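Asker: Please find the sequence and the predicted model below.
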Amino acid sequence: MDKYINQAKTLMEALPYIKKFNNKIVVIKYGGSAMIDEKLKMSVIKDITLMKLVGIRPVVVHGGGKKINEMLEKVGKESLFVDGLRVTDDETMEIAEMVLSGSINKEIVQMFQQQGIKAVGISGKDGRTILARKKMPGGKDIGWVGEIEKVNPELLDSLMNDDFVPVVAPIATDENNHTYNINADYVASALASALKAEKLVYLTDVEGVLRDVEDKDSLISKIAIDRIEQYKEEKVITGGMIPKIENCKKSIEAGVNSVHILDGRVEHCLLLEVFTNSGIGTMIYKQEDNHGE
Ligand SMILES: Nc1ncnc2c1ncn2[C@@H]1O[C@H](COP(=O)(O)OP(=O)(O)O)[C@@H](O)[C@H]1O
Ligand SMILES: CC(=O)N[C@@H](CCC(=O)OP(=O)(O)O)C(=O)O
């Protein structure tokens with residue numbers, strides 16, 4: 001009996017959130033480092049399924065950096081990164097596209113379909129959803145790494161209007177049809193901004209932004225966007241966290257209501273974040289909100 005009372009209580013707690021998010025777009029960036037095993041992957045998909053069933057419009061952007069590293073290792077290639085971005089030569093580009101658009105994208109679509117949810121997998125190439133140009137971080141040439149020039153949300157809108165969950169791989173083309181590898185954190189942020197999403201959630205393999213990466217108890221639960229540069233200079237934020245946090249800032253500035261970095265390895269982290277008051281992970285906010293840190 002107690003079990004049912006508790007379930008009813010949980011449902012009552014979630015109801016205002018269900019209403020608040022009805023028909024709103026939530027962009028979920030599912031990072032490769034949080035794709036650990038089948039059980040955990042399915043648990044993320046089930047949470048997104050539930051969000052969809054209560055009327056939220058989820059858009060999934062996935063990464064797959066870890067799997068690309070594994071495939072490169074198989075062909076004897078080392079993975080090199082500059083500020084969290086993969087140095088992408090011709091061969092790396094080919095492998096990255098095969099892994100992201102071919103393998104991971106279709107696996108996620110298949111998992112949604114197993115849950116009875118309509119899903120379509122695309123990359124930024126499809127419907128010219130993402131137009132890219134070459135990115136040169138600090139003037140450095142790191143190969144076929146793209147910067148997002150423009151998002152055309154037409155295809156995503158029609159998929160959502162037809163009740164599909166769009167699943168997006170972070171690959172795009174430029175005007176000359178060159179293929180680019182784009183860090184999925186940038187894609188998630190650009191789509192969230194273009195779609196005027198209510199929420200952008202990054203699922204990764206850490207509790208959130210940590211003051212000390214080695215100490216999981218050093219979580220910074222709230223970060224004002226004007227503190228980000230300082231954290232970068234102090235080397236609190238390094239590697240794969242750089243693209244994530246820079247993009248959180250961009251989305252907040254573009255009007256996305258809230259941006260969160262969560263540990264995708266925690267079961268039901270998405271439900272906890274979306275449907276309860278007790279947020280987990282790190283929330284990025286605008287200075288004037290005066291949330292305090
Ligand atoms: N201050 C920080 N707090 C948490 N993680 C950090 C921080 N600075 C760097 N990182 C690194 O960022 C990684 C997450 O980025 P990344 O590996 O690219 O994940 P994803 O595949 O989810 O995009 C963490 O595993 C951690 O090693
Ligand atoms: C340019 C660049 O860095 N592209 C990324 C794309 C995949 C990605 O972003 O995967 P995660 O989200 O799992 O890190 C890469 O090649 O790893």
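Answerer: Everything's here; your move. Ligands and ions are numbered 1, 2, ... in the order given.

Asker: Can you get me a residue count around residue 246?
Answerer: Burial of residue 246, expressed as a neighbour count using other CB atoms under 10 Å, amounts to 20. All C-beta spots, glycine's among them, are computed from the backbone N, C-alpha and C.

Asker: Give me the secondary structure label for the spatially closest residue to it that is not a sequence neighbour.
Answerer: Here the nearest residue to residue 246 in space, its sequence neighbours aside, is residue 228; by CB to CB, 6 or more residues apart in numbering that works out to 7.2 Å. Here residue 228 takes the helix state, with states given by DSSP: H, G, I helix; E, B strand; the rest coil.

Asker: From ligand 1, how far off is residue 228?
Answerer: Here residue 228 is placed at a distance of 11 Å from ligand 1 (CB to the nearest ligand atom, to the nearest Å).

Asker: Quick check, pLDDT for that residue.
Answerer: Model confidence at residue 228, expressed as pLDDT, equals 93.

Asker: For it, give me its contacts.
Answerer: Residues touching residue 228, when contacts are defined by CB atoms under 8 Å, 6 or more residues apart in numbering, comprise 237, 245-246, 248-249.

Asker: if you skip the residues just before and after it, what's nearest to whichever residue of the stretch 101-250 of the chain sits closest to ligand 1?
Answerer: Closest approach of the stretch 101-250 of the chain to ligand 1 (CB to the nearest ligand atom) occurs at residue 240, with a separation of 2.2 Å. With sequence-adjacent residues excluded and distances taken as CB to CB, 6+ apart, residue 240 is closest to residue 84, at 4.8 Å.

Asker: Can you get me a residue count around that neighbour?
Answerer: The criterion is other CB under 10 Å. On that basis, residue 84 has 19 neighbouring residues.

Asker: Pretty sure it sits against residue 183.
Answerer: Yes. With contacts defined as CB atoms under 8 Å, residue 84 counts as touching residue 183 at a distance of 6.8 Å.

Asker: shared neighbours, those two?
Answerer: Common contact partners of residue 84 and residue 183 (CB under 8 Å, 6+ apart): residue 243.

Asker: sorry, back to before: where does the residue of the stretch 101-250 of the chain closest to ligand 1 land on pLDDT?
Answerer: Note on residue 240: pLDDT of 87.

Asker: quick one, what contacts it?
Answerer: Remark: with contacts taken as CB under 8 Å, 6+ apart, residue 240 is in contact with 33, 65, 84, 204.

Asker: Quick check: the gap between it and residue 204.
Answerer: Counting by CB to CB, to the nearest Å, the gap between residue 240 and residue 204 amounts to 8 Å.

Asker: Which neighbours do those two have in common?
Answerer: Taking CB under 8 Å, 6+ apart as the contact criterion, the residues that touch both residue 240 and residue 204 are residue 33.

Asker: Residue 261 reaches residue 282, doesn't it?
Answerer: Yes. Under the criterion of CB under 8 Å, residue 261 lies in contact with residue 282, with a separation of 4.6 Å.

Asker: These two: which has the busier surroundings?
Answerer: Relative neighbour count places residue 261 above the other of residue 261 and residue 282, with 29 against 24, counting by other CB under 10 Å.
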